[in-house]
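Here is a sequence together with a model predicted from it:
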Amino acid sequence: MRLDGVWLRYHRHGPWVLRQVDVAIGPGEAAVVLGRNGAGKSTLLQLAAGVLRPSRGRVADRPPVVGWVPERFPADQPFTVGAYLSAMGRVAGLRGPAADRAVRHWVERLGLTRFHDVRLPRLSKGTAQKVGLAQALLRPPGLLVLDEPWEGLDATARESVPEIIGEVLADGGTVLVSDHRGETVRLPGARHLSVTDGTVTEEASSGGAAVAVVELAVPAAGLAAAVARLRADGHQILRVREHAVPPPATHPVPASAGPSGTGGSGGASAAGSPDQAGAEAGDSARPGPAPEVAR
Ligand SMILES: Nc1ncnc2c1ncn2[C@@H]1O[C@H](COP(=O)(O)OP(=O)(O)OP(=O)(O)O)[C@@H](O)[C@H]1O
């Protein structure tokens, strides 16, 4: 699918949120949309999914089946989980046994069985998010668009998101996912699109490229915000640890200083243990003593 010269503003005389966006993502490709809060990530995703229409330009070659997972599942609806998913299956064009099978499959896979007869407004945020994920997958999507899919999910469900994305890609689907926390380190093959000042640029993939490890100290009270900001800027958080007193400052090591200075092993360890990332980010960022956390 392609966004050709797409511009978007929400009101006729309002500010442009996105300007001249030209992006093409092919079958079997995943792209992660990065950017600060309010940068325009959700807007870009909604344009791709067809929830919003461009003010200028066009979206072309959108696959016929689109799975759309909004950042916040609209749980204020008087249906049970089972009834809602069955209805969404019908909306997606599934009929009879095919709809029942799809609902059963995703309810079981996402651990929703015991919530089948529970009404949506009574669900916790995380469980409601899983229902939002399930409805997008009832028919195998040619395009899966996920807005911050990790938000509010429990650890098990978080693990299943990259798995599900991998399956959609393996079936030739296209995946677009926004991530202000940098959790998409779990999608190593994905392209990275950065939204800044209304424009979208593609970041060079760091796959295979040398990385450097920078140690920095931040005030404990501002840890969560600092971690979020660094991730939003596309940096990988390898580890967070607490110090009773600020550690002594060290000087930057020149890139030519050899393996211990270039951080080659740090990059490898980040790639080797990314699954710890984010699941505990909120925990490690809370005030109070925290164990050393690998990320
Ligand atoms: N329905 C709307 N009407 C008017 N302005 C909107 C609307 N939705 C979003 N905006 C504005 O568009 C800009 C981009 O918002 P968007 O939600 O796309 O950002 P985002 O990068 O997804 O942010 P976040 O990470 O906080 O979800 C913001 O300035 C926001 O206030």
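On my side now, so go ahead. Residues are numbered from 1 along each chain as shown.

State the distance from the closest residue to Val66 other than its chain neighbours to the ligand.
With CB to CB, 6 or more residues apart in numbering as the criterion, Val66 has its nearest non-adjacent residue at 4.8 Å, and that residue is Leu143. For glycine as for every other residue, the C-beta is placed from the backbone atoms N, C-alpha and C. Distance of Leu143 to the ligand, given as CB to the nearest ligand atom, to the nearest Å: 18 Å.

Surely Leu143 is in contact with Asp61?
No: Leu143 is beyond contact range of Asp61, at 9.6 Å (criterion: CB atoms under 8 Å).

circling back: bridge partners for the residue nearest to Val66, pull those for me.
Beta bridges link Leu143 to Val66, Thr174 when assigned by DSSP bridges.

let's have the chain start at 50 instead
I'll keep to 50 as the first residue from here, and by that count the last item is Leu192.

Near it, how many other residues are there?
23 (other CB atoms under 10 Å).

How confident was the prediction at it?
On the pLDDT scale, Leu192 is placed at 98.

Overlap in contacts, Leu192 and Asp110.
When CB atoms under 8 Å, 6 or more residues apart in numbering defines a contact, the residues bordering Leu192 and Asp110 alike are Met50.

Kindly provide the whole-number mean pLDDT of stretch 96-111.
Averaging pLDDT along stretch 96-111 gives 97.

Can you show me the CA trace of that stretch as CSV?
Taking Å, rounded to 0.1, in the frame of the first residue of the first chain, the C-alpha atoms of stretch 96-111 are listed here in CSV:
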residue,chain,number,x,y,z
LEU,A,96,-5.0,7.3,7.2
ALA,A,97,-3.3,4.0,6.3
ALA,A,98,-6.2,2.0,7.8
GLY,A,99,-8.8,4.1,6.0
VAL,A,100,-10.3,5.5,9.2
LEU,A,101,-9.3,9.0,8.1
ARG,A,102,-9.3,10.4,4.6
PRO,A,103,-6.4,12.5,3.4
SER,A,104,-7.1,16.3,3.1
ARG,A,105,-4.8,16.1,0.0
GLY,A,106,-3.1,13.2,-1.8
ARG,A,107,-4.3,9.6,-1.8
VAL,A,108,-3.8,6.2,-0.3
ALA,A,109,-3.4,3.6,-3.0
ASP,A,110,-3.3,-0.2,-3.1
ARG,A,111,-4.8,-0.8,0.3
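
low-scoring pLDDT stretches of the chain, where are they?
Where the chain drops to pLDDT under 70, the residues are 231-234, 254-260, 280-288, 295-344.

Show me what counts as buried in the lengthiest helix in it.
Taking DSSP state H as the criterion, the chain has its longest helix at helix 204-219. By neighbour count on 16 or more other CB atoms under 10 Å, the buried set for helix 204-219 is 206-207, 210-211, 213-214, 217-218.

Identify all contacting residues around that helix.
Contacts to helix 204-219, defined as CB under 8 Å, 6+ apart, come from residues 77-79, 116, 158-160, 175, 178-179, 182, 186, 189-190, 193, 195, 198-199, 202, 224, 226, 232, 235-236, 324, 327-328.

Tell me the residues of this structure that contact the ligand?
Residues of the chain found near the ligand (CB under 6 Å from any ligand atom) are 59, 66, 84, 86-92, 120, 229.

Now for these, which sits with the most neighbours around it?
Using other CB under 10 Å as the neighbour test, those are led by Lys90, with 27 neighbours.

Kindly format the C-alpha coordinates of stretch 167-181 as PDB.
Only the C-alpha atoms of stretch 167-181 are listed here, as PDB (Å, rounded to 0.1, in the frame of the first residue of the first chain):
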ATOM      1  CA  VAL A 167     -18.800 -10.500  30.200                       C
ATOM      2  CA  ARG A 168     -20.100  -7.200  28.900                       C
ATOM      3  CA  LEU A 169     -17.400  -4.900  27.400                       C
ATOM      4  CA  PRO A 170     -17.800  -2.000  29.900                       C
ATOM      5  CA  ARG A 171     -16.900  -4.400  32.700                       C
ATOM      6  CA  LEU A 172     -13.500  -5.400  31.200                       C
ATOM      7  CA  SER A 173     -10.200  -4.100  32.500                       C
ATOM      8  CA  LYS A 174      -8.300  -1.900  30.100                       C
ATOM      9  CA  GLY A 175      -5.900  -4.800  29.200                       C
ATOM     10  CA  THR A 176      -8.700  -7.300  28.500                       C
ATOM     11  CA  ALA A 177     -10.600  -4.700  26.400                       C
ATOM     12  CA  GLN A 178      -7.400  -4.200  24.400                       C
ATOM     13  CA  LYS A 179      -7.200  -7.900  23.700                       C
ATOM     14  CA  VAL A 180     -10.800  -7.800  22.400                       C
ATOM     15  CA  GLY A 181      -9.700  -4.900  20.200                       C
END
